[in-house]
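Engineer: Here is my input; please provide its structure:
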Amino acid sequence: MSKLQFPSGPWTGYFNYDAGGQRFRTDMIIAFAHQRITGEGGDLIGPFIIDGRYDDDDGECAWQKSYVGAHDLWYSGFREGKGIWGTWKSEGGTHGGFQIWPVGEEPAEAATATKEEGVPEPARAR
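Structural biologist: Modelled structure (predicted):
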């Protein structure tokens, strides 16, 4: 099996709540090296750091997204096509989906995501 490419650098994409709905933009700088994912970024909730792992054989990824001075989320996904897609969850049970991709490699089906509208209350930074 050939190894999947995980390019380090700027990534963008979106997350949503529950089973779809409005998409919220997220931007980050991610480093992929030696099966580890690290990085930092920001979205409408605030700045965050990323720390996790990936498998360049099967494309599986998992990381913790820690909002600075606030709460953590856990992401689980797969590298496919031009990006990584999957689900996220909070300790309190809030959950949703996401899709991210390297800047400049937007998938054809990617819709514009908003930066600040309509975030459900449980997801706001504490």
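
Engineer: mind listing what residue 77 touches?
Structural biologist: If you count contacts by CB atoms under 8 Å, 6 or more residues apart in numbering, residue 77 has them with 60-62, 84-87, 98. Just so you know, the C-beta spots here come from the backbone N, C-alpha and C atoms, and that holds for glycine as well.

Engineer: ranking these by neighbours, who comes first?
Structural biologist: Tallying neighbours with other CB atoms under 10 Å puts residue 84 at the head of these, with 26 neighbours.

Engineer: The closest residue to that residue other than its chain neighbours: helix or strand, and which one exactly?
Structural biologist: Nearest residue to residue 84, sequence neighbours excluded (CB to CB, 6 or more residues apart in numbering): residue 77, at 4.9 Å. Following DSSP states H and E, one finds residue 77 within strand 72-80.

Engineer: how about the CA coordinates for the very next helix or strand once past that strand, as CSV?
Structural biologist: Of the helices and strands lying after strand 72-80 in sequence (DSSP H and E), the nearest is strand 83-90. Backbone C-alpha positions of strand 83-90 (Å, rounded to 0.1, in the frame of the first residue of the first chain) are rendered in CSV as follows:
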residue,chain,number,x,y,z
GLY,A,83,-8.3,16.6,2.7
ILE,A,84,-9.2,15.1,6.0
TRP,A,85,-12.8,14.6,7.1
GLY,A,86,-14.5,13.2,10.2
THR,A,87,-16.1,13.9,13.5
TRP,A,88,-15.4,15.8,16.7
LYS,A,89,-16.8,15.7,20.2
SER,A,90,-16.6,17.5,23.5
